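>>> What follows is a predicted protein model with its sequence.
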Amino acid sequence: MGLDCDEGGVVKTLFVNPACKDLRVTDTDAQVVPIGLYYLAAQLLDAGFEAAILNLAQAEITDPEQAFTTTLQKVKPDIIGFSVTSASRFSAMGLARTAKNLVPRTWIMMGGPGATFMADHIMAACAAVDFIVKGEGEITCLALAKTLTKTKALAQQNAPGVRQIPGLVFRDGPRLKDTGNPPLIQNLDQLAHPSQYFGFQHLAMSRGCPGTCTFCGSPKFWGTRQVRSHSADWFAHEITALAAKGISHFYISDDTFTMDRDRVISLCQKLISADLSITWNAISRVDHVDPELLAWMRKAGCIQISFGVESGSDAIKKHLGKPVPNHLAVQAFRWTAAYGIVPRAYFIYGSPGETDDTINQSIDLLMNLQPLGAVFYMLVLFPGTRLYDRAIKKGWVTADIWHKKMEDLPWFAVDDTLDFSQVKIFGDTLRQAFYTHLSHFATKVSLIDDPSLYRFHADFLSRLAMTFSHGAYAQDDRVQNSDSTARILFEKALAYHPDLRAFLGLGMLLQKSGQFDDALQVLNQGLIHFADSKDLGLCKGICLMNQKKFHAALNCLSPFNQFADVRHYVSICSKELEKNHEQTL
């Protein structure tokens, strides 16, 4: 049943995060519901509407179309809102057509950067779409939902009530009607808390970015380079509420989280006072961090900061609109690591003017930065960015290109001086340089000598060690000496402070190399500090089993017999002891 107020009932809105066109294997960010959908749904729920969110991008969903169809048949929404990027536009349009066939009277709206910057294309390519919600959508979306509540038929979508809502694009006869930009919400704290209704890990304290990066559409999406922020109180409340739901790690995705230094310190102080036992990652710029700020962030749970360094070439950085001096980047990375926070570098390759020489300059910067994490992106063009506008203006490409079944447009496709094979070599060369030297970067980290940070240093070193012994770096053949690197880091961690992860990781490494007596010594020391640790007890029990000391192993494992994985080893020990007893008889 479509929306009709005279028929009674609460208006149902379904927000959908569609999957990207291409399968994502390692890009977990593409599988996450955009924070904007949680905000939109929270505003509608606060206003008395029903609202739900369907994430079709999550890896567990192997057939997004079927999952969407099943949800439609169950929910029968009156309004469906899709969050769209250029990479997910085809999925969104296909699902919109499915929705119109199954629930003909439903209204379909699309928002997000893909819809905002490709409104003409989407409206032309997909007749099932009724509305585009541009940019910041809370005010527009709520006003539209209220207006549609009073609308009897889809044919009346261009009624005066809709035409007066800013931030919309819709069909007006043979043409498109654009009602202008939506009003900016100056006081973000007036918005409903999404945490009141949902559980999630990705958050943003601010909106907007004052930067001039030519590859980024953030300023244009928000309609301004002005940065607006939640208060530290509001944001701390959000994290506290989510932590109460059992969420212990967060990704703060502000374009530059540390832009307002005092606000961030205030937030950190509130998180420390709340004693939440949480960790979080953030994104910043190398010219917006300092030692005091980093100390507060680390004590409040920050374990990683990603910095966009982009390139080591001044010429390339000028093309990209980010002419930050390399020495500031080196300083920021040194400071970040010194306070026990993983500094992660974003590099872009295949930019205008890219050559073997500029790639070598990026490698030189990489060697000076010594990042402990890195992501290397091929430069692509998106509508809403200055580089894309330049390509359109120069006639290198037209908007018709988006009719092709592709996710994005790489810069090399419009640059006669570059080609795919060359750009691929650029990326492979950068990645090889990073992974080849990563063990050296990790073992050479110099931590600040501050006793108040010792337990955080131990935590940082043991986390880093685990990535070499059991995590992503352990699985990568390009990383050299991963086990020995992990051992050095575990031992450094324990030199700072007793750390459960360090005891366990070092014990497992020693077992792996057959050093069972040394492993037992480490595990016994760990159990002195963490007597109730099932993981340490299990590791010790297995170590004893490797030495054929099944009676001692059983005594070690029995206190944790309520765990299924422990019971498996208890059973083995019992059988071995029974077998030995029979042999003795």
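Thanks, I have the structure now.
>>> List the neighbours of stretch 468-485 that are in contact with it.
In this structure, residues lying in contact with stretch 468-485 by C-beta atoms under 8 Å, 6 or more residues apart in numbering are 431-432, 435-436, 438-439, 442-443, 465, 467, 486-487, 489-490, 505, 508-509, 512-513. C-beta here means a position set from N, CA and C on the backbone, and glycine is covered the same way.
>>> which ones are touching M110?
Taking C-beta under 8 Å, 6+ apart as the test, what M110 contacts is 81-84, 92, 96, 122, 129, 131-133.
>>> buried residues in the helix or strand containing E65?
Using DSSP states H and E, E65 maps to helix 64-75. By 16 or more other C-beta atoms under 10 Å, the buried positions in helix 64-75 come out as 64, 67-69, 71-72, 75.
>>> Same check on stretch 73-90?
Buried, per 16+ other C-beta under 10 Å, within stretch 73-90: 75, 77-90.
>>> Let's see the distance spanning it from one end to the other.
22 Å (C-alpha to C-alpha, to the nearest Å).
>>> What is the least confident helix or strand in this structure?
helix 160-163 (a mean of 80; mean pLDDT, DSSP states H and E).
>>> Now tell me what touches that helix from outside.
Residues contacting helix 160-163 (C-beta under 8 Å, 6+ apart): 144, 147-148, 150-151, 168, 170, 177, 179.
>>> State the number of residues packed around D29.
Residues contacting D29 under the criterion other C-beta atoms under 10 Å number 12.
>>> Local confidence estimate at it?
With respect to pLDDT, D29 scores 70.
>>> With E578 instead?
For E578, the predicted pLDDT is 87.
>>> Check V397 too.
92.
>>> all strands of the stretch 301-450 of the chain, in order?
302-310, 342-349, 373-378, 380-381, 409-410 (DSSP state E, counting those that start in this stretch).
>>> Distance to T358, mean neighbour count and mean pLDDT for these - can I get that in CSV?
Listed next are the strands of the stretch 301-450 of the chain as CSV, based on distance: least, C-beta to C-beta, whole Å; neighbours: other C-beta atoms under 10 Å; pLDDT from 0 to 100:
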stretch, distance to T358, mean neighbour count, mean pLDDT
strand 302-310, 11, 24, 97
strand 342-349, 9, 23, 98
strand 373-378, 14, 18, 97
strand 380-381, 18, 22, 94
strand 409-410, 17, 18, 94
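>>> now the ones you listed in CSV, with distance to P291?
Below are these laid out as CSV (distance: least, C-beta to C-beta, whole Å):
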stretch, distance to P291
strand 302-310, 13
strand 342-349, 14
strand 373-378, 21
strand 380-381, 36
strand 409-410, 39
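>>> quick one, which of the ones you listed is nearest to L293?
Checking the strands of the stretch 301-450 of the chain against L293 by C-beta to C-beta gives strand 302-310 as the closest, at 10.0 Å.
>>> Which elements pack onto the closest one?
strand 279-284, helix 326-338, strand 342-349, strand 373-378, helix 454-469 (3 or more C-beta pairs under 8 Å, 6 or more residues apart in numbering; DSSP states H and E).
>>> S571: which of those is closest?
Comparing the helices and strands packed on strand 302-310 by C-beta to C-beta, helix 454-469 comes nearest, at 27.6 Å.
>>> what angle sits between the helix or strand just after that closest one and helix 454-469?
Next helix or strand after helix 454-469 toward the C-terminus (DSSP H and E): helix 482-496. Orientation check (axes from the mean of the first three to the mean of the last three C-alpha atoms, to 10 degrees): helix 482-496 against helix 454-469 gives 170 degrees.
>>> And the helix or strand following helix 482-496, what's buried?
Remark: after helix 482-496, the chain's next helix or strand is helix 500-512, criterion DSSP H and E. For helix 500-512, a neighbour-count test (16+ other C-beta under 10 Å) marks 500-511 as buried.
>>> ok so, going back, alpha carbons of the least confident helix or strand of the chain, as CSV, please.
What follows is the C-alpha trace of helix 160-163 in CSV, where atoms were taken according to Å, rounded to 0.1, in the frame of the first residue of the first chain:
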residue,chain,number,x,y,z
PRO,A,160,3.2,23.8,-4.3
GLY,A,161,4.2,22.2,-1.1
VAL,A,162,7.0,20.2,-2.7
ARG,A,163,8.0,23.1,-4.9
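>>> Tell me which residues of that helix come out buried.
Buried-residue list, helix 160-163, by 16+ other C-beta under 10 Å: 161-162.
>>> What strands flank the helix or strand following it, and is each parallel or antiparallel?
Moving toward the C-terminus from helix 160-163, the next helix or strand (DSSP H and E) is strand 168-172. The sheet places strand 168-172 alongside strand 131-133 (antiparallel), strand 175-178 (antiparallel), with pairing taken from DSSP bridges.
>>> Give me the below-cutoff pLDDT ranges for the stretch 101-250 of the chain.
151-160 (pLDDT under 70).
>>> Please, where are all the strands along it?
Going by DSSP E, counting those that start in this stretch, the stretch 101-250 of the chain shows strands at 107-111, 131-133, 168-172, 175-178, 202-203, 206-207, 228-229, 249-252.
>>> contacting residues around the fourth one?
Same thing as strand 175-178. With C-beta under 8 Å, 6+ apart, strand 175-178 has contacts from 119-120, 123, 158, 163, 168-171.
>>> can you tell me which two in these are farthest apart?
Counting by C-beta to C-beta, the most remote pair of the contacts of strand 175-178 is D120 and R163, 18.4 Å apart.
>>> ok, L523 to D254 distance?
41 Å (C-beta to C-beta, to the nearest Å).
>>> More neighbours: which of those two?
L523 (29 against 21).
>>> residues contacting the more buried one?
Counted by C-beta under 8 Å, 6+ apart, L523 has contacts 503-504, 507, 536, 539-540, 543.
>>> just to revisit the earlier point, residues in contact with the helix or strand following the helix holding E65?
Following helix 64-75 in sequence order, the next helix or strand is strand 79-83 (DSSP H and E). The contact list for strand 79-83 (C-beta under 8 Å, 6+ apart) reads 3, 11-18, 33-34, 36-37, 40, 92, 95-96, 99, 106-112, 115, 133, 141, 145, 148.
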